[in-house]
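[1] Sequence first, predicted model second:
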Amino acid sequence: MHPANPDRPAPEGRGSGGEDPGPGRVLVVDDDPTVSEVVAGYLTGAGYDVARAADGPAALECFARRRPDLVVLDLMLPGMDGFEVCRRMREHGRVPVIMLTARGDEDDRILGLETGADDYVTKPFSPRELVLRVDSVLRRAQAPAAPAGRPALLEGAGLVLDPAARSATRDGRVLALTLREFDLLAFLLRHPGRVFTREELMSEVWGWDFGDLSTVTVHVRRLRGKAESDPARPELIRTVWGVGYRLDLPPGPPADALPGEPS
């Protein structure tokens with residue numbers, strides 16, 4: 001990692017002195033002072049108002065006091081790991097979380113997403129890439145409602161997604177989806193029957209032209225665990241081997257079928 005560029009201008013509306021401060025408060029939690037300093041420096045250079053904490057209790061105290069717009073949270077912390085910190089933050093309100101982990105174990109990434117993390121970055125990482133991910137997560141989390149009115153519900157196979165309320169149900173059962181899981185399911189519902197590669201999903205849903213493609217794999221797995229009747233035998237989000245993923249919706253009755261007639 002390289003030192004931050006203090007001469008980089010702040011984006012408009014995010015610590016730039018404008019009337020609209022924008023989604024600018026970020027809490028960086030890492031017990032490695034070098035990593036913490038570099039990450040904070042890059043985020044500050046990008047216009048964010050950054051606070052730092054070196055352990056779980058300090059992170060929770062700062063979270064309660066500052067109410068950041070996003071938390072960059074290291075998984076391996078002394079005394080209280082990042083999983084527990086994330087859980088406790090979630091008890092007090094919704095905030096986007098990007099987890100930092102030195103582990104390559106997919107189980108840790110899955111557990112991080114399950115506890116409410118919106119994204120994860122594996123060390124070593126590029127601070128510039130982390131800033132882009134912070135930008136992307138916050139842009140989606142803080143996106144204003146469409147001016148044309150309330151967007152239409154997305155429905156199929158018992159799924160009902162309300163993009164305005166960011167709520168999701170299947171057969172009347174509430175689905176506790178993370179930010180990315182909701183965006184992924186909404187995108188697939190808008191394009192049923194079409195196969196997308198992991199690269200295409202990363203570009204369309206995450207807004208990235210680069211990054212670890214296993215991010216998509218992990219999110220699909222987590223989404224299946226919440227939306228499928230039997231995640232081990234998915235019937236909605238299908239894997240097309242060698243290509244990617246496709247959302248299959250059961251066919252509806254013919255448009256000219258009369259009530260009571262077999263379809």
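    Perfect, thanks for sending it. Just so you know, these numbers come straight off a predicted model, no measurement behind them. Residues are numbered from 1 along each chain as shown.
[2] For Pro234, give me its contacts.
    Contact partners of Pro234, counting by C-beta atoms under 8 Å, 6 or more residues apart in numbering, are Arg224, Glu228. Where you see a C-beta, it was placed from the backbone N, CA and C, and this is true even at glycine.
[3] so where's this protein shaky on pLDDT?
    Applying pLDDT under 70 to the chain picks out residues 1-23, 103-116, 143-150, 209-211, 252-263.
[4] could you redo the last one with a cut-off of 80?
    For the chain, the stretches with pLDDT under 80 are 1-23, 92-94, 102-118, 120, 140-151, 206-212, 251-263.
[5] Quick check: the gap between the residue most central in space within it and Ala54.
    A centroid search over the chain (C-alpha atoms, centre = their mean) returns Asp118, at 3.0 Å, as the residue closest to the centre. Plainly put, Asp118 is 22 Å away from Ala54 if you go by C-beta to C-beta, to the nearest Å.
[6] Gly225 too?
    33 Å.
[7] neighbour count winner among the two?
    Between Gly225 and Ala54, counted using other C-beta atoms under 10 Å, the more crowded position is Ala54 (17 against 14).
[8] for the residue nearest to the more buried one when sequence neighbours are not counted, what are its contacts?
    What sits nearest to Ala54 in space, not counting adjacent residues and going by C-beta to C-beta, 6 or more residues apart in numbering, is Asp31, at 4.9 Å. Applying C-beta under 8 Å, 6+ apart to Asp31 gives the contacts Ala54, Asp55, Asp74, Met76, Leu77, Pro78.
[9] Helices - which of these land there?
    The helices, defined by DSSP state H, take in nothing from the contacts of Asp31.
[10] Return the closest of those with respect to Glu129.
    Nearest to Glu129 among the contacts of Asp31 is Asp74, at 16.3 Å by C-beta to C-beta.
[11] Now for that closest one, how many residues are close by?
    Residues lying near Asp74 (other C-beta under 10 Å) number 26.
[12] Dihedrals phi and psi, the residue lying closest to it once chain neighbours are set aside?
    Residue nearest to Asp74 in three dimensions, not counting chain neighbours: Asp30, with 4.1 Å by C-beta to C-beta, 6+ apart. Backbone torsions of Asp30, given as degrees, to the nearest 10, read phi -160, psi 130.
[13] Val85 versus Asp30, what's the distance?
    11 Å.
[14] Now for these two: what residues contact both?
    Counting by C-beta under 8 Å, 6+ apart, the contacts common to Asp30 and Val85 are Leu77.
[15] Which residues does stretch 81-99 contact?
    Counting by C-beta under 8 Å, 6+ apart, 29, 56, 59-60, 63-64, 67-77, 100-101, 111-112, 115-121, 130, 133-134, 137-138, 141, 179 sit against stretch 81-99.
[16] Just the ones of those in strands?
    Cross-referencing the contacts of stretch 81-99 against strands under DSSP state E gives Val29, Leu70, Val71, Val72, Leu73, Asp74, Leu100, Thr101, Asp119, Tyr120, Val121.
[17] Tell me the bridge partners for the first one.
    By that I understand Val29. Beta-bridge pairing for Val29 (DSSP bridges): Ala53, Leu73.
[18] Against Arg221, how distant is Ile237?
    When Ile237 is compared with Arg221 (using C-beta to C-beta), they lie 9 Å apart.
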